[in-house]
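Trainee: Next one to model:
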Amino acid sequence: MSAEYGWAANQVLEYTLVLANASILKVTRDNYPDIFTALTAGGNNFGIVTSYLLQVYPQGEVWGGNLVFNATPETTSSLLAALRDFTENYPDEKAGIIMTSERTLGTLVNIWILFLYYNGPEPPPGVFDKFLAVGPNINSCKTQSMADLVEGNNWAIVKGSVYTIGTETTPVPSEEHGAEVLGSYYDHWVNVSNSAAFVTGVIASIAFQPLPKSIARAAKAKGGDLIDLDTEKDLLVIELDYSFSFNSDYEKIDQTMRDTYEGLRTRVQRFQEQGKLEKGVYLPLFMNDCFYPQDYFGRLRPEGKALAGRVTEELDPNGVWRDRTGGFKL
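Mentor: Below you'll find the model as predicted:
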């Protein structure tokens, strides 16, 4: 689902699924279409997937790396404007970006880190120009193998920390309202994360991940999935992360995370009421980024939630997975 994978993303063709009664199904889109759809973004409500068959694509050299900026007000404003424009106009289907702001609250580090990716040895002129024009302090982008690109991001891993992750989804604002809307999201995150400033080792992150309608169309062309994104709407997935040193601080960070994504949701709805974001837009949550209390299934289309419910009743009528495992439940 994330744009950073470009159009070289692998596609599942078959699942091997162990059911609660210990029987085994080979599930394809043709032989069990509802089960296949439910498994494709439905989580662990239906059984244990022990293997899956992928359609893979050749992957040659790619271009990418990181841009790093000091998060001054001027830089933040310019990057958010470039992000809005990139998502709405999506200049190249082989291009992807994740734009992350990082704040290490104890040491007052405040930066933007952009992950850029192009599925080819070099992007054509113009694809990432608006981000580059802001003037990064560090630019590690180059032509390399996919393995080297992914390994090159290991520097951001903070070993030995406790991590929490949450999410929200927003329509892409118009150019007229982009600065106000995206700036409000960013300022809210800053203000809420400040409340955790005295938690030992805390690092707060907000990542904006473009989800243009061209990605939804590509997913639909491949057969679709349970999320069933709108093929006519541009969205932004907002990923929220807090890492910190000690489990004893989890209760504080738990509340901080809830305050962060709930506040973002409130702002999306308020801007819709004010006419600054389009009303009635389908805004599902990206399961990979959901915090445990978030209502993943409640944010699906009603028909998608109903399909997942039917499959659950068919495959696990006694509620083995519902009662004995974690994860998001119907």
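
Trainee: quick one: the strands in this structure?
Mentor: Listed in chain order, the strands of the chain (DSSP state E) span 11-18, 24-28, 48-55, 62-70, 95-104, 109-118, 138-139, 142-144, 162-171, 203-211, 235-244.

Trainee: Can you give the contact residues for the shortest one?
Mentor: It stands for strand 138-139. The contact list for strand 138-139, computed with C-beta atoms under 8 Å, 6 or more residues apart in numbering, reads 65-68, 132. From N, CA and C alone the C-beta is placed, and that goes for glycine too.

Trainee: which of the residues you listed tops the neighbour count?
Mentor: When the contacts of strand 138-139 are compared by neighbour count (other C-beta atoms under 10 Å), Leu67 ends up highest, at 23 neighbours.

Trainee: hey, what's that one bridged with?
Mentor: On the basis of DSSP bridges, Leu67 is bridged to Leu114, Asn139.

Trainee: for Val62, same thing?
Mentor: On the basis of DSSP bridges, Val62 is bridged to Gln144.

Trainee: check contacts around Leu264.
Mentor: When contacts are taken as C-beta under 8 Å, 6+ apart, Leu264 is in contact with 168, 170, 185, 188-189, 238, 240.

Trainee: same thing but 7 Å
Mentor: By C-beta atoms under 7 Å, 6 or more residues apart in numbering, the contact list for Leu264 reads 168, 185, 188, 238.

Trainee: Nearest residue to the third one in space, please, no chain neighbours.
Mentor: With sequence-adjacent residues excluded and distances taken as C-beta to C-beta, 6 or more residues apart in numbering, His188 is closest to Gly263, at 5.0 Å.

Trainee: wait, the one you found sits on Val192?
Mentor: Yes - using C-beta atoms under 7 Å, Gly263 is in contact with Val192, at 6.2 Å.

Trainee: since we're on Val18, how many residues are nearby?
Mentor: 13.

Trainee: Give the burial count for the closest residue to it other than its chain neighbours, as a bare number.
Mentor: Closest residue to Val18 apart from its sequence neighbours, by C-beta to C-beta, 6+ apart: Ile48 at 4.5 Å. By the criterion of other C-beta under 10 Å, Ile48 has 13 neighbours.

Trainee: And for the one 4 residues further on?
Mentor: Burial of Tyr52 is recorded as 14 neighbouring residues (other C-beta under 10 Å).

Trainee: was I right about it contacting Lys26?
Mentor: No - with contact defined as C-beta under 7 Å, Tyr52 does not reach Lys26; the gap is 10.3 Å.

Trainee: ok, His70 to Phe115 distance?
Mentor: Check again: residue 70 is Asn, not His. Going from Asn70 to Phe115 by C-beta to C-beta, to the nearest Å gives 17 Å.

Trainee: go on, Ile206?
Mentor: 14 Å.

Trainee: Hey, what's the angle from the lengthiest helix in the chain to strand 203-211? Just curious.
Mentor: Using DSSP state H, we find that the single longest helix of the chain is helix 250-273. Here helix 250-273 runs at an angle of 40 degrees relative to strand 203-211 (axes from the mean of the first three to the mean of the last three C-alpha atoms, to 10 degrees).

Trainee: buried set for helix 250-273?
Mentor: 252-253, 256-261, 263-264, 267-268, 271-272 (16 or more other C-beta atoms under 10 Å).

Trainee: Distance from it to the middle of the chain?
Mentor: 16 Å (C-alpha atoms, centre = their mean, to the nearest Å).

Trainee: Next: stretch 93-105.
Mentor: 11 Å.

Trainee: if we can go back for a sec, average pLDDT for the longest helix of the chain?
Mentor: Average pLDDT, helix 250-273: 98.

Trainee: Give me the angle between it and strand 162-171.
Mentor: 0 degrees.

Trainee: Low-confidence stretches in the stretch 151-300 of the chain?
Mentor: Residues of the stretch 151-300 of the chain meeting the criterion pLDDT under 70: none.

Trainee: Let's have the strands of the chain in TSV, adding distance to Lys305.
Mentor: Output for the strands of the chain, formatted as TSV (distance: least, C-beta to C-beta, whole Å):
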stretch	distance to Lys305
strand 11-18	20
strand 24-28	20
strand 48-55	20
strand 62-70	36
strand 95-104	28
strand 109-118	32
strand 138-139	44
strand 142-144	42
strand 162-171	16
strand 203-211	20
strand 235-244	19
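
Trainee: Which one of these lies nearest to Ala218?
Mentor: strand 11-18 (10.2 Å; C-beta to C-beta).

Trainee: Using PDB, write out every CA atom in stretch 153-161.
Mentor: Below are the C-alpha coordinates for stretch 153-161, written out as PDB (Å, rounded to 0.1, in the frame of the first residue of the first chain):
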ATOM      1  CA  ASN A 153      18.200   3.200   6.400                       C
ATOM      2  CA  ASN A 154      19.200   1.000   9.300                       C
ATOM      3  CA  TRP A 155      20.900   4.000  10.900                       C
ATOM      4  CA  ALA A 156      17.500   5.200  12.000                       C
ATOM      5  CA  ILE A 157      16.900   2.100  14.200                       C
ATOM      6  CA  VAL A 158      17.100   2.900  17.900                       C
ATOM      7  CA  LYS A 159      18.000  -0.400  19.500                       C
ATOM      8  CA  GLY A 160      16.700  -1.300  22.900                       C
ATOM      9  CA  SER A 161      13.800   1.100  22.900                       C
END
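
Trainee: This completes my enquiry, with thanks.
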